[in-house]
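Novice: just a sequence and a predicted model for now, questions to come.
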Amino acid sequence: MTRAIKVRHLLAILVTTVMLTPPTAIADATPAPGGAAAGPVGAQTWTGTWEAAASGTAPALPGASIRNVVHTSVGGRAARVRLSNRLGSAPLQLDAVTLALQQPGAPRSPRAVAGSMRTVTFAGAGSVAIPAGRDLVSDPVALQIPADSNLLISLHTPADSGPATYHRSALQANFVARKGNWTADESGTAYTVSLGNWYYVTGVDVLGSAVVGSVVTLGDSITDGTGSTFSANHRWPDRLADRLRGLPPYRRLGVLNAGIAGNRVLLDGRGPSALSRLDADVFSRTAVRAVIVMEGINDIKGTPEQTDPETLKDAYRRIVRRAHARGIRVIGATITPYGGHSAYTPAREAVRQAVNAVIRTHGLFDTVADFDATVRDPSDPNRIRPAYDPGDHLHFNDAGMKAMADTIDLAALTP
């Protein structure tokens, strides 16, 4: 092994130790377009602006370039990217990663804003190997990041690195160029294949944002956005971010969506359980001030189903205890109706009602967001309002998502 290769290998090892708890302030060089250094970024506070929880694995795409489209909740003057091989079984080889702004007004396009393309590095190196079971945070990337905008995070995987850690239900058009390194291509013309998942990318932080921290929304498919308009960013956490941007800076928060379709509080299945993924999806995130917990319906209606409300009560209490130990407030959200859905039974409905009574009245949480009261049909409380129902009697359309976001007391998110 030559000395140059040894140094590069050492850098890759060192950067993978920058794990789930990166520093909240950092100084680095500011890359000019194309990645050349142009001056100091300076030391300021980092805040989370976007998250996708790792929900499982998919077949690798060896030799392909993958262009992930992610939506910011707050902006800043630099960014760092979070990548994951958490659920992989072999080292993930990445030989190029870039960050750019997506062309405004074109959420289903792989085209970048001219001049916005930046090289993403890891301990100064443009390529990296992420060990199986590990997460990674990039070096700072100097780029003016607007709030409420789409970013393009492009990765080239030169070889088969085994099962790819991904977020299955992105509800966002992402793109693949089947062969070659097209990560720096602004035109996006090589990206001829659409993809409905986020590959390897699990978060973005921004530097110098005029906000006081971030809030994580921990949930299942309803939080993940199922039922809302594709590529429109109308999930209820997106709508919450819209509301928070209207507040003065000393009350504003970034919003991080840790929803996984099919997720449960107690058991692994569709992604790690809420209890087992707290460290990775909540506590490791940057400047978290609060977490909103909306999980439990899949425990009630899944196989095996949970029939004892006390079991979920104990799980909620454990989540709150761990969050409070880190100074994080916890908002409990009631479980919404699903009458008319194929999984509905009167016995399961009785459990849902009992769990909601626990959430509302047992003082487990710092405060409660009563989603159930907001979205239920007054004439048939076991069902959601027809105006909010996309047709499956479980999830929510855009109007329902907005109603849920409007239920949250913004003053309760920070002390």
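Specialist: Received it, and whenever you're ready, just let me know what you need. Numbers count the residues shown, from 1 in each chain.
Novice: break the protein into its domains for me.
Specialist: 3-204, 210-413 (automatic domain parsing).
Novice: Throw those domains into TSV and include mean neighbour count and mean pLDDT, thanks.
Specialist: Bear in mind the C-beta positions are built from the backbone N, C-alpha and C, glycine included. Converted to TSV, these look like this (neighbours: other C-beta atoms under 10 Å; pLDDT from 0 to 100):
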stretch	mean neighbour count	mean pLDDT
domain 3-204	19	85
domain 210-413	20	97
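Novice: hang on, isn't residue 56 packed against residue 269?
Specialist: No: the pair residue 56 / residue 269 is not scored as a contact, 9.6 Å apart, by C-beta atoms under 8 Å.
Novice: what does stretch 143-151 rub up against?
Specialist: Here stretch 143-151 makes contact (C-beta atoms under 8 Å, 6 or more residues apart in numbering) with 49-50, 69-79, 99-102, 104, 107, 116, 118, 204, 206, 241-242, 245.
Novice: what about it, start to end distance?
Specialist: 11 Å (C-alpha to C-alpha, to the nearest Å).
Novice: can you give me the helices in the stretch 201-350 of the chain?
Specialist: 221-224, 236-244, 278, 297-301, 309-324, 346-361 (DSSP state H, counting those that start in this stretch).
Novice: helices or strands up against the third one?
Specialist: Using 3 or more C-beta pairs under 8 Å, 6 or more residues apart in numbering; DSSP states H and E as the contact test, the elements touching helix 278 are helix 309-324.
Novice: check contacts around residue 86.
Specialist: 54, 133-135, 165, 202, 280.
Novice: look up how far residue 318 lies from it.
Specialist: Distance of residue 86 to residue 318, given as C-beta to C-beta, to the nearest Å: 22 Å.
Novice: swap in residue 412?
Specialist: Residue 412 sits at a distance of 21 Å from residue 318 (criterion: C-beta to C-beta).
Novice: check residue 175 too.
Specialist: Relative to residue 318, and taking C-beta to C-beta, residue 175 is found at 40 Å.
Novice: next: residue 69.
Specialist: 35 Å.
Novice: what are the boundaries of the strands in the stretch 51-200 of the chain?
Specialist: Secondary structure of the stretch 51-200 of the chain (DSSP state E, counting those that start in this stretch): strands at 56-58, 65-71, 76-84, 92-94, 96-101, 118-119, 128-130, 135-137, 141-145, 150-156, 164-167, 174-177, 193-195, 198-199.
Novice: got JSON lines for these, with distance to residue 379 too?
Specialist: Output for the strands of the stretch 51-200 of the chain, formatted as JSON lines (distance: least, C-beta to C-beta, whole Å):
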{"stretch": "strand 56-58", "distance to residue 379": "39"}
{"stretch": "strand 65-71", "distance to residue 379": "36"}
{"stretch": "strand 76-84", "distance to residue 379": "45"}
{"stretch": "strand 92-94", "distance to residue 379": "52"}
{"stretch": "strand 96-101", "distance to residue 379": "47"}
{"stretch": "strand 118-119", "distance to residue 379": "54"}
{"stretch": "strand 128-130", "distance to residue 379": "53"}
{"stretch": "strand 135-137", "distance to residue 379": "48"}
{"stretch": "strand 141-145", "distance to residue 379": "46"}
{"stretch": "strand 150-156", "distance to residue 379": "40"}
{"stretch": "strand 164-167", "distance to residue 379": "37"}
{"stretch": "strand 174-177", "distance to residue 379": "41"}
{"stretch": "strand 193-195", "distance to residue 379": "41"}
{"stretch": "strand 198-199", "distance to residue 379": "39"}
